[in-house]
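# What would the 3D arrangement of this be:
(one chain, ligands or ions: 1)
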Amino acid sequence: MKITDIRFGMLRVPLKTPFKTALRTVDTVEDIVVMVHTDSGRIGYGEAPATAVITGDTHGSIVDAIRHYIAPRLIGQDIGDLNRLTRLVQTSMEKNTSAKAAVEIAIYDLWGQLYDAPLYKLLGGGDPAITTDITISVDYIDKMVADSVAAVERGFESLKIKVGKDIGVDIERVRAIYAAVEGRALLRLDANQGWTAKQAVYALQTLEEAGIKLELIEQPVKARDLDGMRYVTERVHTPVMADESVFGPLEVAELIRLRAADIINIKLMKTGGISNAIRIADLAAMHGIECMIGCMLETSISVAAAVHLAVARADVITKVDLDGPSLCQFNPVVGGVIFNESEISVTDAPGLGIREIRGLEEIKD
Ligand code: MG
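Numbering: from 1, shown residues only. Sure thing, here's the model as predicted:
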């Protein structure tokens, strides 16, 4: 099965409610879909969002990186040479992790199709059912409490609460949500770099002293501030998770060396795809560190790839934050991973099992 062409589409899906973090507000998923064609007639699908404030990738940069730097290396290559292909993708250029991820996802999809097996089985197998949390956007306190209660009533048992705006209000946000859902849902806080190290310690110690139990605090300080991450990790009981601070395996190795966080958030758009995500999971497992698998604002193409990985590495990927599809007003993808609110299950369809993508707009040369 040889690669013959790589084509692009734009997929737009409105969100149920605007997605608001300390960094941005978004109301529609707009993602580049990558279609890797082969001489067998099989097509592999990948996807990448523009997340300029986190990865630096834009729609234009994703298409340009693939069209001019990645695709020329892949045309004519054999899908059976998976490790060679992922190396070609990763060494095609610096950074551009979302573009690399979209292509790798499509290649792994084809690799599964080549052997007529679902991707998670080729990655080592596992129980094909996982449970995700859901994001509660940062907003007025009453709105966040109402959104949290509604999510619990939809069956979500873990809530990812976005904070990182005003430290005093953030503490009140968490107090109010905790009181409203206590005993019914675990709370994960994501500050999206919005606090200083001292503010984070103050907020978490205040919450801890009030008897509020949090499952974790994610990325309290600026991405580059590893010293700040370590400062917080050393001073609070709540486990600290690194998200924007770590992209690839080398950064994870450094984070582990510094003991700057307790948990790693793996996202395919940061790692550049599945090959490096596997390396991170293995590295973390060697050091006894747990991982979360997360996503950007993605639909069930790239999130399906994350699901397959999470199933196959469930021993170390113990937390799942793959709520992209459940934030969307509809699922544009007919395929092998079934997203039903908090419950995600995988069928035995080959590769990622994607049969159809509805409403895809072609991007011409
Ligand atoms: Mg995060």
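
# beta partners for T28?
P14 (DSSP bridges).

# Next one: it from H287, what distance?
Distance from T28 to H287, counting by CB to CB, to the nearest Å: 39 Å. Any C-beta I mention is one placed from the backbone N, CA and C, and that applies to glycine too.

# What count of nearby residues applies to the residue of the stretch 201-350 of the chain found nearest the ion?
Going by CB to the ion, the ion is nearest to D243 of the stretch 201-350 of the chain, at 3.7 Å. By the measure other CB atoms under 10 Å, the count of residues near D243 is 24.

# residues in contact with it?
Contacts for D243 (CB atoms under 8 Å, 6 or more residues apart in numbering) come out as 190, 192, 218-219, 265, 267, 294.

# same check, this time on S158
By CB under 8 Å, 6+ apart, S158 lies in contact with 131-134, 185-188, 215, 319, 342.

# What of S148?
Counting by CB under 8 Å, 6+ apart, S148 has contacts 136, 159, 161, 177, 180-181, 185.

# near the ion, which residues of the stretch 151-300 of the chain?
Selection of the stretch 151-300 of the chain residues close to the ion by CB under 5 Å from the ion yields 190, 218, 243.

# Provide a complete list of residue ranges assigned to helices in the stretch 201-350 of the chain.
Counting by DSSP state H, counting those that start in this stretch, the stretch 201-350 of the chain has helices at residues 226-235, 249-258, 268-271, 274-286, 302-312, 324-327.

# ok and the residue in the stretch 51-200 of the chain nearest the ion?
Nearest to the ion in the stretch 51-200 of the chain, going by CB to the ion, is D190, at a distance of 4.5 Å.

# From the ion, how far out is the residue lying closest to V334 once chain neighbours are set aside?
What sits nearest to V334 in space, not counting adjacent residues and going by CB to CB, 6 or more residues apart in numbering, is E356, at 4.2 Å. E356 is 31 Å from the ion, where distance means CB to the ion, to the nearest Å.

# E356: neighbour count?
For E356, the count of nearby residues is 9 (other CB under 10 Å).

# repeat for L23
Residues near L23, counting by other CB under 10 Å, number 14.

# That one contacts V53, doesn't it?
Yes. L23 is in contact with V53 according to CB atoms under 8 Å; the separation is 5.0 Å.

# returning to what we had before: return the residues in contact with the residue of the stretch 51-200 of the chain closest to the ion.
Contacts of D190 by CB under 8 Å, 6+ apart are 21, 135, 160-164, 217-219, 243.

# rerun at 7 Å
By CB atoms under 7 Å, 6 or more residues apart in numbering, D190 lies in contact with 160-162, 218-219.

# Tell me the bridge partners for it.
With DSSP bridges applied, D190 shows beta-bridge pairing to K162, E218.

# so how far is E215 from it?
11 Å.

# now swap in V33 and tell me
To E215, V33 is 33 Å away according to CB to CB.

# Neighbour count for the two, which is higher?
V33 (26 against 20).

# So L297 is in contact with P18, correct?
No. In terms of CB atoms under 7 Å, L297 does not count as a neighbour of P18; the distance is 11.0 Å.

# Find the residues that touch each one of those two.
Common contact partners of L297 and P18 (CB under 7 Å, 6+ apart): V26.

# Spit out the contact partners of the closest residue in space to S137 that isn't next to it in sequence.
Leaving aside its sequence neighbours, S137 sits nearest to K20 (CB to CB, 6+ apart; 3.9 Å). By CB under 7 Å, 6+ apart, the contact set of K20 is 137-139, 162.

# partners of K20 in the sheet?
Beta-bridge pairing for K20 (DSSP bridges): T25.

# picking up where we left off before, so how far is Y202 from the residue nearest to V334?
For E356, the distance to Y202 equals 51 Å [CB to CB].

# Spatially, what comes nearest to the spatially most central residue of the chain if we skip its sequence neighbours?
Residue closest to the mean C-alpha point of the chain, counted by CA atoms, centre = their mean, is C295 at 1.8 Å. Leaving aside its chain neighbours, C295 sits nearest to G324 (4.7 Å; criterion: CB to CB, 6+ apart).

# tally of neighbours for that neighbour?
When neighbours are defined as other CB under 10 Å, G324 has 28 of them.

# Enumerate every residue touching it.
295, 297-299, 303.

# again, 8 Å this time
By CB under 8 Å, 6+ apart, the contact set of G324 is 29, 295-300, 303.

# before we move on, what about D227?
197, 260.

# before we move on, what about V29?
The contact partners of V29, by CB under 8 Å, 6+ apart, come to 11-15, 49, 297-299, 324, 327-328.

# And P49, by the same measure?
Contacts here follow CB under 8 Å, 6+ apart; on that basis P49 touches 29-32, 98, 269, 296-298.
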